[in-house]
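Engineer: Sequence below, structure please.
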Amino acid sequence: MTVVVVAAVIVSADGRVLAAQRAEPPALAGGWEFPGGKVDPGEGEIEALVRECREELGVTVSVGARVGGDWPLASGYVLRVWLATVPAGEPEAKEHLALRWLGPGEYYDVAWLGADLAVMHAVEDLLRQG
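Structural biologist: Numbering: from 1, shown residues only. So this is what the prediction gives:
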């Protein structure tokens, strides 16, 4: 059975993207990712994305276009990603070690986790197309 993980590429009005540094599990701690998490049974993917951003960042997101298809993860997990914005409020690192806004030219200044690195390449192309 495939386990779906959702993630938000939160983009600010000036084109920066939000990166979040993992606190756990130990194998992933310190790596950078886009915020999100597992879809709970009976929960829709967008619903899960909004819930995860509220829990992890303390903000409500407005979900936009999907980024790519299914991004494979380890152990039968699959990552599904959407662009998002934060209509009001400022994200806080509630479950991460740190948050960082990355602008053009800074997108690769953090050590992205594998799937998130591939997503960042796709997002960079989308943002460049504007």
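
Engineer: From the contact counts, what lies against the helix or strand harbouring Ala122?
Structural biologist: According to DSSP states H and E, Ala122 maps onto helix 114-129. Identification of packing neighbours for helix 114-129 by 3 or more C-beta pairs under 8 Å, 6 or more residues apart in numbering; DSSP states H and E yields strand 3-10, strand 17-21, strand 62-72, strand 77-85. C-beta: built from backbone N, CA, C; applies to glycine.

Engineer: what angle separates it from strand 77-85?
Structural biologist: 30 degrees (axes from the mean of the first three to the mean of the last three C-alpha atoms, to 10 degrees).

Engineer: Look up how far Val9 lies from the closest residue in space to Val81 that isn't next to it in sequence.
Structural biologist: Once flanking residues are discounted, Val81 sits nearest to Val67: 4.3 Å by C-beta to C-beta, 6 or more residues apart in numbering. According to C-beta to C-beta, to the nearest Å, Val67 and Val9 sit 6 Å apart.

Engineer: Chain neighbours aside, what residue packs nearest to the residue most central in space within the chain?
Structural biologist: By C-alpha atoms, centre = their mean, the chain has its centre lying nearest to Phe34, at 2.3 Å. Using C-beta to C-beta, 6+ apart and skipping residues adjacent in sequence, the residue nearest Phe34 is Ala7, 4.1 Å away.

Engineer: my guess is the one you found contacts Lys38, does it?
Structural biologist: No: applying C-beta atoms under 8 Å, one finds Ala7 not in contact with Lys38, separated by 10.8 Å.

Engineer: Which of those two has more residues huddled nearby?
Structural biologist: Neighbours were counted for Ala7 and for Lys38 using other C-beta atoms under 10 Å; Ala7 has more, 24 against 13.
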